[in-house]
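Asker: Kindly generate the corresponding structure for this input.
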Amino acid sequence: MVEKKTIKLDDVAELAGVSKTTVSRVLNNRGYLSDKTIKKVHDAMDKLNYRPNVIARQLFKQKTNLVALVFPTVDNPFFAELEAELEKRFDQLGYRVLMGNSQNNPAKEQDYLKLLLNHQVDGLIVGSHNQGISEYQKTTRPIVSIERFVGKQIPVVSSDNYQGGLLAVQRLLNDGCKHIIHTNYPINLVSPNELRQQAYEDLMNRHHRKPITYSVSFDVSDEEKERVFRKMFREHPEVDGIFADNDTNASLIIRVGKEFNRHVPDDLKVVGYDGANITRTLSPELTTIQQPIPEMATKAVELLLQLIDGKTDVKSVTLPVKMINSTTA
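Answerer: Have a look, this model is predicted:
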């Protein structure tokens, strides 16, 4: 059996009558070359049936056209829609996407960071809940965060959480609620979500009412969240309005409230947060603050590509939210 010869760059250069460097420049579209020279190289490649080594070309360019998305989970409607929007936009731009769900797993998130640091992906978009990952503080590689503070030098795309908090609480006040409770992430999670709580406390204090916030970890099961909400209803039977930190928790609160003979919106009013498409489809009765998920995805892609292109003055972006009026408040 005759062994098939592997065609190399030198063979293309010899047949085309040019240098190996010229062939490399044609393959990587680098520098000025005449149309005649480019045609000679391509003709030689076609005659020899030469197929460039894609991986080698990527390494030469130090670009893989691969990006990674690291979010807590796709079980949550907000993150599911966000990841879908991001993937769609990257696909339109010729990028492949590696998606990882890092819920409560810092080691997994660090693995994706290593891919970036080792030049195996061109950039990262992160929205994970893991804290204290030192690599974020050290790297200058292209990273954009969504709704999370992960490093001083890393730009953040977020919705206007403070305005969203004001809209939610003011709606409950306008509905006549006297005893409004807020649910939010634990205080050790550094996130723009803190601004929702700040808006809640500012508005409650302005109306001379005591702000009460129950911490609910994103990473725990629905059963554990329901235990927190049952405790809330037991400790505060007077509650007549709840500003939930997300739409999933708002739905759980409404369900738990029924166990305490609380009926929405008759004697309990609830406002959620996120307004993802799937939530609007499955729970159209939920009054919520809608984050501009498609616009957030577009802006995150735009910022990451700026960083990949070497720009150093990329700034964080805050996008407006809006109230989706329905029947729970």
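Asker: the helices in the protein, which residues?
Answerer: Here the chain has its helices, by DSSP state H, at 9-16, 20-28, 35-48, 54-61, 77-92, 106-117, 135-138, 161-174, 194-206, 222-235, 247-259, 277-282, 293-308.
Asker: Packing partners of the last one?
Answerer: Helix 293-308 makes packing contacts with helix 77-92, strand 123-126, strand 143-146, strand 156-159, strand 317-319 when contacts are defined by 3 or more Cβ pairs under 8 Å, 6 or more residues apart in numbering; DSSP states H and E. C-beta coordinates here come from the backbone N, C-alpha and C atoms, glycine included.
Asker: Out of these, flag the one nearest Lys20.
Answerer: strand 123-126 (31.5 Å; Cβ to Cβ).
Asker: where does the stretch 151-300 of the chain dip in pLDDT?
Answerer: 188-189 (pLDDT under 70).
Asker: give me that answer again for 50
Answerer: Judged by pLDDT under 50, the stretch 151-300 of the chain has no weakly predicted residues.
Asker: and if you look at the stretch 1-150 of the chain?
Answerer: 1-3, 55, 59-60.
Asker: mind running it again at 90?
Answerer: 1-13, 19-66, 68-76, 93-94, 96, 98-124, 126-141, 148-150 (pLDDT under 90).
Asker: what's next to stretch 253-264, contact-wise?
Answerer: Thr183, Glu226, Phe229, Arg230, Phe233, Arg234, Pro237, Ile242, Ala244, Leu268, Val270, Thr328 (Cβ atoms under 8 Å, 6 or more residues apart in numbering).
Asker: and if you look at stretch 165-177?
Answerer: Taking Cβ under 8 Å, 6+ apart as the rule, stretch 165-177 contacts 180, 182, 195-200, 202-204, 207, 240-243, 265, 269, 271, 273, 287, 289, 321-323, 329.
Asker: could I get stretch 245-265 in CSV with only the CA atoms?
Answerer: Only the C-alpha atoms of stretch 245-265 are listed here, as CSV (Å, rounded to 0.1, in the frame of the first residue of the first chain):
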residue,chain,number,x,y,z
ASP,A,245,-36.0,39.7,43.5
ASN,A,246,-36.9,37.7,40.4
ASP,A,247,-40.0,36.3,38.7
THR,A,248,-39.3,32.7,39.8
ASN,A,249,-39.3,33.7,43.4
ALA,A,250,-42.4,35.9,42.9
SER,A,251,-44.3,32.8,41.6
LEU,A,252,-43.1,30.7,44.5
ILE,A,253,-44.2,33.4,47.0
ILE,A,254,-47.7,33.4,45.5
ARG,A,255,-47.9,29.7,45.8
VAL,A,256,-46.7,29.7,49.4
GLY,A,257,-49.0,32.5,50.2
LYS,A,258,-52.0,30.3,49.4
GLU,A,259,-50.9,28.0,52.2
PHE,A,260,-51.4,30.9,54.5
ASN,A,261,-54.8,31.7,53.0
ARG,A,262,-53.4,34.8,51.3
HIS,A,263,-55.0,35.6,47.9
VAL,A,264,-53.3,37.7,45.2
PRO,A,265,-54.2,40.4,44.5
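Asker: JSON lines for the helices and strands packed on helix 293-308, including distance to Gln110 and mean neighbour count?
Answerer: Output for the helices and strands packed on helix 293-308, formatted as JSON lines (distance: least, Cβ to Cβ, whole Å; neighbours: other Cβ atoms under 10 Å):
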{"stretch": "helix 77-92", "distance to Gln110": "20", "mean neighbour count": "19"}
{"stretch": "strand 123-126", "distance to Gln110": "11", "mean neighbour count": "25"}
{"stretch": "strand 143-146", "distance to Gln110": "13", "mean neighbour count": "25"}
{"stretch": "strand 156-159", "distance to Gln110": "20", "mean neighbour count": "24"}
{"stretch": "strand 317-319", "distance to Gln110": "26", "mean neighbour count": "16"}
